[in-house]
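In: mind folding the following:
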Amino acid sequence: MNKSKTIAAIDVGTTKVFSLIAEVFTDENQVKTPRIIATSTAPCNGLKKGNVEDIKLTSAAIKQTLQDLESQSGIKTTSAYVGITGSHVSYENKRSPLKDVGNYGVITPDELKASSADCKSEDGRILLHAMPISYTLDGADGIRNPIGMHSDAVSVDTHVITADVEFLNKLTEACKEAGINVDAFVMEPFASALSTLTEQEREKGTIIIDIGGGTTDIIAFKDNRVIYTGVVPVGGFQFTNDIAYTYDSTYESAEKAKMDIGHTELTAIEISENISLNSNEECQTTEVPAREIGRLLRERSIELAQMVQLKLEDLRMDNSESMRVVMTGGGSKLPGISHLFQRHLGRRVRLGEPSVNWLNESEELSDPSQATVLGILIWAHANLQDRPEVNDKNKYTEKNNKFLQKLLNNKTLRLSPWMRPTAQQINNHS
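Out: Below you'll find the model as predicted:
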């Protein structure tokens, strides 16, 4: 007999909150294809550069989307998987010895499952994800899969991601005030990768540049593993703010101008074209040459490309300069920006539109700005069968560290085990 339940995903961004819910049918505990039944977007003014600064404003935006989802579907959402990013997130590669591995002559799968890297949270920080990159056996580096090899001296290189406790508490409080519990926090660039990258791109080597409202997230893959992550505290908000500040216009008017005539290639804008901006002074407008708007956007785009390039200099690996780039997020839709990045980064660039082969009764979900929330939904769907009990402090176990491994081995999704996330329940850090 088929049973159904709903899962919700929320992308809490600097400029907007995007939420959706999907219905999942199960038969004898086997998860079937989800059906997206409602989506909602609301403006958000409670964050700055990805960090919660005003809990009430953030909560109000979340609550607005939840009420909209309930109005569309008739379903009241009480818990959700929530995306997380921001300048408070830090990244580090660590090498840790694995104990009790190779005791039976060869390394076995059970030994690797039972052993884990020492990735403890530091004071004031919470461990979000601990992802194995490669193994070292008897001093030999770069081994992807040590199973079946002979060694009792095994270490693992792990990509460790932590978040500031204070920030998580604020985001958790905003969700609670909106009336929902947090099932787990999901790193947003990982989510975007789940919905936009192909298995071949993760295998050969690809860098995602996710331009959001307040930050630009970077994540690099090689051999189906995460090898680098980073964040630049610049996003679409700064592009619009440049226009508003320069011409003393309202933010809303500057955003409309950016969307209507914005382009990083000045020759694509008619030299005689003008656009009206609403002034901050009551009932006044300013006529501005469209190319001047384009010049501001071009300068900010070049600056962002240079900041990304500086981040990528930390990507120390052979042939890293040949890795292609996939740009996604709302900021990637600015006309001309992908070509500009291609020139300044010296890499092949394509636009990353999300692709999820699920039933969908809502709007078409193929816009780069929707990549993160769809990726969160994929992550949540993976977690469904191993879902942590968010209201029980004692339920956080190593089991929650392994659930995505099952998803990533699922041939229907064409994914590989490049990520082993830690689901942080709200009661563990509140």
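In: please make it C-alpha for all contacts and neighbour counts, starting now.
Out: Fine.
In: how about low-confidence regions in the stretch 1-150 of the chain?
Out: Within the stretch 1-150 of the chain, the ranges that satisfy pLDDT under 70 run 1-3, 26-32, 113-122.
In: what sits up against stretch 225-232?
Out: Applying CA atoms under 8 Å, 6 or more residues apart in numbering, the contact partners of stretch 225-232 are 86-87, 90-91, 131-133, 159, 202-203, 215-221, 307-308, 311, 315, 417-419.
In: gap between it and the chain center?
Out: 11 Å (CA atoms, centre = their mean, to the nearest Å).
In: just stretch 198-212 next, same as before
Out: So, by CA atoms, centre = their mean, the centroid of stretch 198-212 is 12 Å from its chain's centroid.
In: quick one: end-to-end distance for that stretch.
Out: 21 Å (CA to CA, to the nearest Å).
In: neighbouring contacts of that stretch?
Out: 13-14, 189, 192-193, 216-225, 235-236, 320, 323-332, 369, 414-416.
In: in helices, which of the contacts of stretch 225-232 appear?
Out: Those of the contacts of stretch 225-232 mapping onto helices are 202, 203, 307, 308, 311, per DSSP state H.
In: residue 36 against residue 20, yeah?
Out: Yes - applying CA atoms under 8 Å as the test, residue 36 and residue 20 come out as touching, 7.4 Å apart.
In: who has more neighbours out of those two?
Out: Legend: neighbour count by other CA atoms under 10 Å for residue 36 and residue 20, higher for residue 20 (26 against 23).
In: assumed the more buried one was part of a helix.
Out: No - Residue 20 is assigned strand when assessed by DSSP: H, G, I helix; E, B strand; the rest coil, not a helix.
In: could you find the closest non-adjacent residue to it?
Out: Excluding the flanking residues, the one nearest residue 20 by CA to CA, 6 or more residues apart in numbering is residue 39, at 4.2 Å.
In: so where does the one you found fall, helix or strand?
Out: Following DSSP states H and E, one finds residue 39 within strand 35-43.
In: just the CA trace of that strand, in PDB.
Out: The C-alpha trace of strand 35-43 is given here as PDB (Å, rounded to 0.1, in the frame of the first residue of the first chain):
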ATOM      1  CA  ARG A  35       6.200  15.300  -6.700                       C
ATOM      2  CA  ILE A  36       6.800  19.000  -6.200                       C
ATOM      3  CA  ILE A  37       3.400  20.400  -5.200                       C
ATOM      4  CA  ALA A  38       4.100  24.000  -4.200                       C
ATOM      5  CA  THR A  39       6.800  26.800  -4.400                       C
ATOM      6  CA  SER A  40       7.000  30.200  -2.900                       C
ATOM      7  CA  THR A  41       9.400  33.200  -2.900                       C
ATOM      8  CA  ALA A  42       9.400  36.200  -0.600                       C
ATOM      9  CA  PRO A  43      11.800  39.200  -0.300                       C
END
